[in-house]
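Participant: Sequence and computational prediction follow.
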Amino acid sequence: MIINTNSGSASAARLLGNATDALQKSLQRLSSGKKNTLLSDDIAGVVVGDKFDAEIKRLSASSANVANLQSYTQTQSGYLDQISDALNRMSELAMLATDATKTTDDRQAYSDEFTSLRSFVIDVGNKQFNGISLFGAGSQAAYLGLNSSGAAVKWDSTAVVTTAINTGMSLAVDDGITSAAAAANALDDIQAAITALASTMSSVGSNLSRLEFERSALAVLKDNIGAARSRIVDVDVAEESANFAKQQILVQSGTAMLAQANILPQSALRLIS
């Protein structure tokens, strides 16, 4: 029996310290919700988790960009719908003006509305969305993230312009449809504009369809990367709770055993008492 060195107490103290450290780390994980509260816990996991964080933020930004481009394209579609209504009405007015039973005053009334609608159709080509031309800016690009080489992935929409439509409107006689002959000529020009409008609306529709698929794909990719990141950085509460309970028991038993180890040397005093 010895007094100066209490190996049992030293061992119990070391084990108690280890259990206490493990308990504190478990408590940090449960309170923060993170699996790795220190870089030293899992260096590779922290690094990969940070990369996933950056990717998720880029995908969120890309989704916002695609959504804005959808709004831009939907605005184009809305104006083209109005042009369609205007052209249909202009075609109707021109046809009415060809009626031989109409007087000059009757045709002038038709012509006033016809000329006003013609100006509307031409003016639509100058409309803007947040300062960007809706029909004169050519194609619009959507950046969809990075490829395996780290380069930006870009998709260019089909250009949507009203040049062909406006050309048809410009050919329409400047004096409107004040005569049966002018009305007949205007009908040909309007038909050409309607044909050009159909092609333009097809471009808008294809752009909208592509944007919807791209936005859905970005959402799926973001969800899956988020799930992968969660498996790396988020703590499993059920598992960690069990570990926390284990470490609590070890700390309590270690404290009790350390107390017992410190009592053992006192037995030596009985030999000399």
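Facilitator: Received it, and whenever you're ready, just let me know what you need. Everything quoted here is computed from the prediction, not taken from an experiment.
Participant: Strands of the stretch 151-273 of the chain, residue ranges please.
Facilitator: Taking DSSP state E, counting those that start in this stretch as the test, the strands found in the stretch 151-273 of the chain are 152-156.
Participant: Show me where it dips below the pLDDT cut-off.
Facilitator: For the stretch 151-273 of the chain, residues meeting the criterion pLDDT under 70 lie at 167-175, 272-273.
Participant: sec struct for the residue positioned nearest the centre of the chain, please.
Facilitator: In the chain, the C-alpha nearest the mean C-alpha coordinate belongs to Ser63, at 1.8 Å (Cα atoms, centre = their mean). Under DSSP: H, G, I helix; E, B strand; the rest coil, the three-state class of Ser63 is helix.
Participant: quick one: the helices in the stretch 101-250 of the chain?
Facilitator: 104-124, 163-171, 180-233, 237-263 (DSSP state H, counting those that start in this stretch).
Participant: List just the one of those helices that sits closest to Asn6.
Facilitator: helix 237-263 (6.4 Å; Cβ to Cβ). For every residue, glycine as well, the C-beta is placed using N, CA and C.
Participant: hmm, back to that, just put the helices of the stretch 101-250 of the chain in a markdown table and tack on mean neighbour count.
Facilitator: Conversion of the helices of the stretch 101-250 of the chain to a markdown table gives the following (neighbours: other Cβ atoms under 10 Å):
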| stretch | mean neighbour count |
| --- | --- |
| helix 104-124 | 17 |
| helix 163-171 | 18 |
| helix 180-233 | 17 |
| helix 237-263 | 14 |
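Participant: Looking at these, which is nearest to Asn36?
Facilitator: helix 180-233 (6.5 Å).
Participant: what packs against the closest one?
Facilitator: helix 43-97, helix 104-124, strand 141-146, helix 163-171 (3 or more Cβ pairs under 8 Å, 6 or more residues apart in numbering; DSSP states H and E).
Participant: now the second one, how far from the centre of its chain.
Facilitator: Helix 104-124 has its average C-alpha position 44 Å from the chain's average C-alpha position, going by Cα atoms, centre = their mean, to the nearest Å.
Participant: picking that back up, which one of the helices of the stretch 101-250 of the chain lies nearest to Ala97?
Facilitator: Of the helices of the stretch 101-250 of the chain, nearest to Ala97 by Cβ to Cβ is helix 180-233, at 3.6 Å.
Participant: Alright, I will stop here.
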